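>>> Next one to model:
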Amino acid sequence: MKVVIIGGGWAGCAAAITAKKAGAEVSIYEKSDLLLGVGNVGGIMRNNGRYTAAEELINLGAGDLIHITDKNARHKNVDFPEHKHATLCDVNKLEPEVRRYILSLGIEVNLVARVSNVDMEGNKIKAIRLSNNTLVSGDVFIDTTGSTGAMDNCAKYGNGCVMCVLRCPTFGARISISSKAGVQDIVGERADGSPGAFSGSCEVSRDSLSEELLKELDEKGVAVLKIPPEDINTEKLKLKVCQQYALEEFAENLVLLDTGHIKLMTPFYPLEKLRKLKGLENVRFMDPYSGGRGNSIRYLAAAPRTDDMKVIGVDNLFCAGEKAGFFIGHTEAISTGSLAGHNAVRFSLNLPLLILPKETTSIGDIIYYSNYRLSTKEGRKVRHTFSGAEYFERMKSLNLYTLDNEEIRQRIEDLELKDIFSKKLIN
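Presented below is the predicted three-dimensional model:
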């Protein structure tokens with residue numbers, strides 16, 4: 001049995017791991033030269049409800065990537081505005097280690113391998129077609145292509161190509177596999193109804209910070225700088241993907257996090273104004289390089305799906321990550337990817353597909369709830385994350401949020417789902 005995964009971000013890697021554990025032959029096709037996609041400029045784990053979800057993944061048997069992020073933590077139990085007990089990972093170390101781990105499992109990784117189209121046979125994908133016209137056949141396919149790009153989308157709905165980590169000019173535009181298979185994508189909206197949203201953060205070089213500010217970040221993992229009154233821009237909060245940061249505190253202050261590079265929790269910030277802040281007099285952007293003007297545009301292409309991650313309208317296509325809904329974050333991508341990879345193998349074996357119960361697992365609930373919200377007009381303006389905003393409030397109200405590892409373990413055991421994602425399905 002062959003599972004073909006299009007997109008090598010956190011969701012694609014998670015899907016590959018669970019599909020491989022289930023016994024399938026697994027191949028990843030990634031258009032760039034790096035795995036993890038936008039995760040290469042992320043690094044925030046275990047904050048707020050992500051702690052609960054991470055422990056659920058471990059108990060479900062899909063903790064492989066969580067263990068790697070924990071191992072590569074620069075700081076643990078970091079608090080910053082409206083966020084508690086965060087782990088800040090070193091983004092410089094994650095991709096090489098994840099790649100080595102993926103390869104050690106016997107998963108085939110194809111980099112600089114852009115998928116351009118699909119060959120259909122009725123309602124099934126028969127093969128994917130690479131940009132060099134090579135055909136790759138498979139039994140079941142998983143679309144984890146994300147929702148960012150191409151350049152014309154960033155120009156049309158943003159401030160142009162900002163030279164972000166995805167590097168569309170070099171490796172080509174994102175291709176929606178579900179759309180190529182004949183399924184109409186769902187487009188996210190901002191508060192004013194315009195399509196997409198700006199990525200929520202920028203990265204600057206550590207070496208461009210003052211020694212005093214860098215020392216504070218090395219010691220605490222976080223620094224909060226007061227923005228001059230004349231430079232406060234509350235309107236910018238409405239543009240952001242990350243609604244958990246769309247708070248007055250993030251308009252009046254600039255929050256810096258140490259994730260190897262220095263992460264600025266703002267979608268963009270004019271360079272001449274940024275250099276007015278103490279300790280940032282010599283600062284320069286690293287990702288996106290044009291972070292003084294704009295950021296990448298995301299949430300332009302979610303696939304309609306069911307709660308088992310199967311794409312509606314194509315018999316043998318699953319989806320995960322941002323492709324599966326307007327999710328934010330590595331933990332959310334790993335959660336949806338793990339379920340998609342496992343269910344892809346179940347599908348090929350004609351086994352009942354797994355749906356995680358929403359009453360007792362935060363992963364099952366966010367998968368259900370985000371899908372429900374996508375069916376509404378207003379819901380297309382909402383982003384879903386364990387770490388804040390609308391979904392975290394729901395998570396708390398349902399008593400799904402907990403830091404008690406034993407309670408989480410017991411929940412999963414009571415459901416008879418302990419290590420379900422580690423079980424081999426193909427003998």
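>>> From here on, just use CA atoms for contacts and neighbour counts.
Will do.
>>> Just give me how far stretch 261-277 sits from the chain centre.
Put simply, stretch 261-277 sits 23 Å off its chain's centre (C-alpha atoms, centre = their mean, to the nearest Å).
>>> pLDDT on it, on average?
In this model, stretch 261-277 has an average pLDDT of 94.
>>> What residues sit buried inside that stretch?
261-269, 271, 274, 277 (16 or more other C-alpha atoms under 10 Å).
>>> Could you do stretch 195-214 as well?
Counting neighbours by 16+ other C-alpha under 10 Å, the buried set in stretch 195-214 is 195-206, 208-209, 213-214.
>>> Kindly report the same for stretch 371-385.
Using 16+ other C-alpha under 10 Å as the burial criterion, the residues of stretch 371-385 that qualify are 371, 373-374, 379-385.
>>> Below-threshold pLDDT in the stretch 151-300 of the chain: ranges please.
Residue ranges of the stretch 151-300 of the chain with pLDDT under 70: 234-248, 250.
>>> Taking the buried residues of stretch 261-277 together, which two end up most distant?
Spatially, the most separated pair among the buried residues of stretch 261-277 is His261 and Leu277, at 18.1 Å (C-alpha to C-alpha).
>>> For Ile412, which non-adjacent residue is closest in space?
Among residues not flanking Ile412 along the chain, Lys418 sits closest, at 5.6 Å (C-alpha to C-alpha, 6 or more residues apart in numbering).
>>> which ones are touching Phe386?
48-50, 53, 332, 366, 392, 395 (C-alpha atoms under 8 Å, 6 or more residues apart in numbering).
>>> mind putting the residues you listed in JSON lines, pLDDT and secondary structure included?
Listed next are those as JSON lines, based on pLDDT from 0 to 100; DSSP: H, G, I helix; E, B strand; the rest coil:
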{"residue": "Asn48", "pLDDT": "97", "secondary structure": "coil"}
{"residue": "Gly49", "pLDDT": "98", "secondary structure": "coil"}
{"residue": "Arg50", "pLDDT": "98", "secondary structure": "helix"}
{"residue": "Ala53", "pLDDT": "98", "secondary structure": "helix"}
{"residue": "Glu332", "pLDDT": "98", "secondary structure": "helix"}
{"residue": "Ile366", "pLDDT": "98", "secondary structure": "helix"}
{"residue": "Phe392", "pLDDT": "96", "secondary structure": "helix"}
{"residue": "Met395", "pLDDT": "97", "secondary structure": "helix"}
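>>> Let's have those residues in a markdown table, adding distance to Val311 and neighbour count.
Converted to a markdown table, the contacts of Phe386 look like this (distance: C-alpha to C-alpha, whole Å; neighbours: other C-alpha atoms under 10 Å):
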| residue | distance to Val311 | neighbour count |
| --- | --- | --- |
| Asn48 | 30 | 22 |
| Gly49 | 27 | 27 |
| Arg50 | 25 | 28 |
| Ala53 | 23 | 27 |
| Glu332 | 18 | 26 |
| Ile366 | 17 | 24 |
| Phe392 | 26 | 22 |
| Met395 | 25 | 21 |
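>>> related to what we said a few turns ago, which one of the buried residues of stretch 195-214 is nearest to Leu103?
Among the buried residues of stretch 195-214, and counting by C-alpha to C-alpha, the member closest to Leu103 is Glu203, at 28.7 Å.
>>> which residues does the closest one contact?
Glu203 neighbours (C-alpha under 8 Å, 6+ apart): 41, 261-264, 285-288.
>>> From Thr385, how far off is it?
21 Å (C-alpha to C-alpha, to the nearest Å).
>>> Go ahead and confirm Glu322 touches Ala333.
Yes - counting by C-alpha atoms under 8 Å, Glu322 does reach Ala333; the two are 7.2 Å apart.
>>> domain ranges for the protein?
Annotated domains of the chain cover 2-192+299-422, 197-287 [automatic domain parsing].
>>> Just say which of those domains is most tucked in.
Ranked by mean neighbour count, these are led by domain 2-192+299-422 with a mean of 21 (mean count of other C-alpha atoms under 10 Å).
>>> ok, Val115 to Arg99 distance?
20 Å.
>>> actually Leu277, sorry about that
38 Å.
>>> Ok, Ile232 next?
Taken as C-alpha to C-alpha, the span from Ile232 to Arg99 is 41 Å.
>>> Same question for Val78.
27 Å.
>>> cool, Gly388 as well?
For Gly388 relative to Arg99 (C-alpha to C-alpha), the value is 29 Å.
>>> How about Asn48?
From Asn48 to Arg99 the distance is 28 Å (C-alpha to C-alpha).
>>> I would like the residues contacting stretch 158-177, please.
6, 31-32, 37-38, 40-41, 112, 114-118, 143, 145-152, 154-155, 198, 287-291, 293-297, 301.
>>> what do you get if the cut-off is 7 Å, keeping everything else the same?
Identification of contacts with stretch 158-177 by C-alpha atoms under 7 Å, 6 or more residues apart in numbering yields 31-32, 37-38, 112, 116, 143, 145, 148-151, 154-155, 287-291, 293-297.
>>> which one of the contacts of Phe386 is nearest Lys20?
So of the contacts of Phe386, ranked by how close each gets to Lys20 (C-alpha to C-alpha), first place is Glu332, at 20.0 Å.
>>> List the contacts of the closest one.
Contacts of Glu332 (C-alpha under 7 Å, 6+ apart): 321, 385.
>>> The same query, at a cut-off of 10 Å, please.
10-11, 50, 53-54, 320-322, 338, 363, 366-367, 384-387 (C-alpha atoms under 10 Å, 6 or more residues apart in numbering).
>>> for Ala24, same thing?
Residues counted as contacts of Ala24 (C-alpha under 10 Å, 6+ apart) are 1-4, 16-18, 107, 341-342, 344-345, 348, 424-427.
>>> Same check on Leu111?
7-8, 28-35.
>>> and which of these is nearest Ala22?
Closest to Ala22, out of all of those and judged by C-alpha to C-alpha, is Ile28, at 15.9 Å.
>>> if I've got this straight, the closest one is in a strand?
Yes - the assignment for Ile28 by DSSP: H, G, I helix; E, B strand; the rest coil puts it in a strand.
>>> which residues do Glu322 and Ala333 both contact?
With C-alpha under 10 Å, 6+ apart, Glu322 and Ala333 have common neighbours 11, 144, 146.
>>> possible to save these as CSV with distance to Asn133 and pLDDT?
Listed next are the shared contacts of Glu322 and Ala333 as CSV, based on distance: C-alpha to C-alpha, whole Å; pLDDT from 0 to 100:
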residue, distance to Asn133, pLDDT
Ala11, 25, 98
Thr144, 21, 98
Gly146, 22, 94
